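[1] I would like to see how this sequence folds:
(one chain, ligands or ions: 3)
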Amino acid sequence: MIIGSHVQMKAPDFLEGSVREALSYGANALMLYTGAPQNTRRRPTEELHIREAAGLMEVNRIPMEHMIIHAPYLINPANSVRPEVAELAVEFLMSELERTAAIGAKYIVLHPGSYTTTDPETGIRTAISQLNSLQIPDGLVICLETMAGKGSEIGFRFEHLAEIIAGMNHPEHFGVCLDTCHISDAGYDVSDYDGVLDEFDRVIGLNRLHVIHLNDSKNEKGARKDRHANLGQGTIGFDTLCRIAHHPRTAHIPKILETPYIDGKPPYGEEIAMLKEKKFRDLMKAQ
Ligand code: FE
Ligand code: FE
Ligand code: ZN
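    Ligands and ions are numbered 1, 2, ... in the order given. Predicted structure coming up:
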């Protein structure tokens, strides 16, 4: 099982601290933002302890492909109403791609964006033209995330992502990140995981799937809300999520937990242990 979680990257150890945090959870994968997800201030990569982090990954036999970067969510390549916003987004995304390459990671997860006041088709067309203006460093793959369909988000149908990838000048630089909370909110039946994978394969192609976000959902299937829940504390349930974590068809793909903190503390060590033991424990109950 390739399992990890969202981890922090902060002073003084930066990336090295991120890897240490992941190791403390018993993880063999991790995902991080290269800076605050809500702004564009970034530290020079020379200060990020990249070499130390890579050394720590190697000693623990974790390949760099298991270190996933998440692009900041302020980036909206689908904004057709204010193209200057989309252009700024792409400019900043360019610098994020360079940072991802400097770190030595291969996969960067990107939300395809929101169409704001137009319509999904216009949003998709805008995203296609914006993403086609990127110069993507060699070996790097942008993983478009399946979205919940909250507000005016695009990407809540596999067809949206397939259309974007089909419109790319360099499709070899594009893949998909499947978020279990988001697809359930979008109306897919996650309890039929094989059925979901079959449909994914038919519409996008399973060879495009590189990252799985493993989250429970606070809302019913089809609610289009995007509220993550801790494993076994939502409408998807522990058994289904545990089955996905161990499923042979996606065994080679890193699964990343983005579940909420409990009492201000990350629950990832406990949640990863539960998945390894295939046994649910109620973390909400005071011990
Ligand atoms: Fe995301
Ligand atoms: Fe996600
Ligand atoms: Zn989400």
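[2] which residues of the stretch 101-250 of the chain lie near ligand 2?
    179, 213 (Cβ under 5 Å from the ion). For the C-beta atoms, the positions are set from N, CA and C on the backbone; glycine is no exception.
[3] can you give me the helices in the stretch 101-250 of the chain?
    Under the criterion DSSP state H, counting those that start in this stretch, the stretch 101-250 of the chain contains helices at 120-132, 158-166, 180-185, 193-203, 238-246.
[4] export those helices to a markdown table and append columns for mean neighbour count, mean pLDDT and distance to residue 257.
    Converted to a markdown table, the helices of the stretch 101-250 of the chain look like this (neighbours: other Cβ atoms under 10 Å; pLDDT from 0 to 100; distance: least, Cβ to Cβ, whole Å):
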| stretch | mean neighbour count | mean pLDDT | distance to residue 257 |
| --- | --- | --- | --- |
| helix 120-132 | 20 | 95 | 27 |
| helix 158-166 | 20 | 98 | 22 |
| helix 180-185 | 27 | 98 | 10 |
| helix 193-203 | 15 | 98 | 17 |
| helix 238-246 | 20 | 98 | 9 |
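[5] residue contacts, the residue in the stretch 1-150 of the chain that ligand 2 sits nearest to?
    In the stretch 1-150 of the chain, the residue found nearest to ligand 2 is residue 145; the distance is 5.6 Å by Cβ to the ion. Contacts here follow Cβ atoms under 8 Å, 6 or more residues apart in numbering; on that basis residue 145 touches 109-112, 155, 176-177, 179, 182, 213.
[6] gap between the two ends of stretch 241-252?
    Counting by Cα to Cα, to the nearest Å, you get 16 Å between the two ends of stretch 241-252.
[7] quick one, grab the pLDDT at the residue of the stretch 1-150 of the chain closest to ligand 2.
    Note for residue 145: predicted pLDDT of 98.
[8] also the one 10 residues further on?
    Listed pLDDT for residue 155 reads 97.
[9] right, and it touches residue 144 too?
    Yes: assessed by Cβ atoms under 8 Å, residue 155 is found in contact with residue 144 at 6.3 Å.
[10] got any residues that touch both of the two?
    In contact with both residue 155 and residue 144: 111-112, 161, 164, using Cβ under 8 Å, 6+ apart.
[11] TSV for those residues, including distance to residue 131?
    TSV is the format used below for the shared contacts of residue 155 and residue 144 (distance: Cβ to Cβ, whole Å):
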residue	distance to residue 131
111	12
112	9
161	12
164	7
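[12] for those residues, which one is nearest residue 27?
    residue 111 (23.2 Å; Cβ to Cβ).
[13] what is the burial count for that closest one?
    Applying other Cβ atoms under 10 Å, we find 24 residues neighbouring residue 111.
[14] got the contact list for it?
    71, 73, 75-76, 144-145, 147, 153, 155.
[15] the same query, at a cut-off of 6 Å, please.
    Residues near residue 111 by Cβ atoms under 6 Å, 6 or more residues apart in numbering: 73, 145.
[16] tell me the pLDDT of it.
    pLDDT at residue 111 comes out at 96.
[17] hey, which helix or strand in the chain has the poorest pLDDT?
    helix 83-103 (a mean of 89; mean pLDDT, DSSP states H and E).
[18] list the contacts of it.
    Contacts with helix 83-103, where a contact means Cβ under 6 Å, 6+ apart, come from 34, 40, 45, 50, 69, 71, 75-77, 79, 108, 130, 133, 137, 140.
[19] picking that back up, residue 155 and residue 144: which is more packed in?
    Between residue 155 and residue 144, counted using other Cβ under 10 Å, residue 155 has the larger neighbour count: 29 against 26.
[20] distance check, that one against ligand 2.
    For residue 155, the distance to ligand 2 equals 11 Å [Cβ to the ion, to the nearest Å].
[21] what about this protein, any weak spots by pLDDT?
    Under the criterion pLDDT under 70, the flagged ranges of the chain are 286-287.
[22] tell me the centre residue of it?
    Geometric centre of the chain, nearest residue: residue 109, 4.9 Å, by Cα atoms, centre = their mean.
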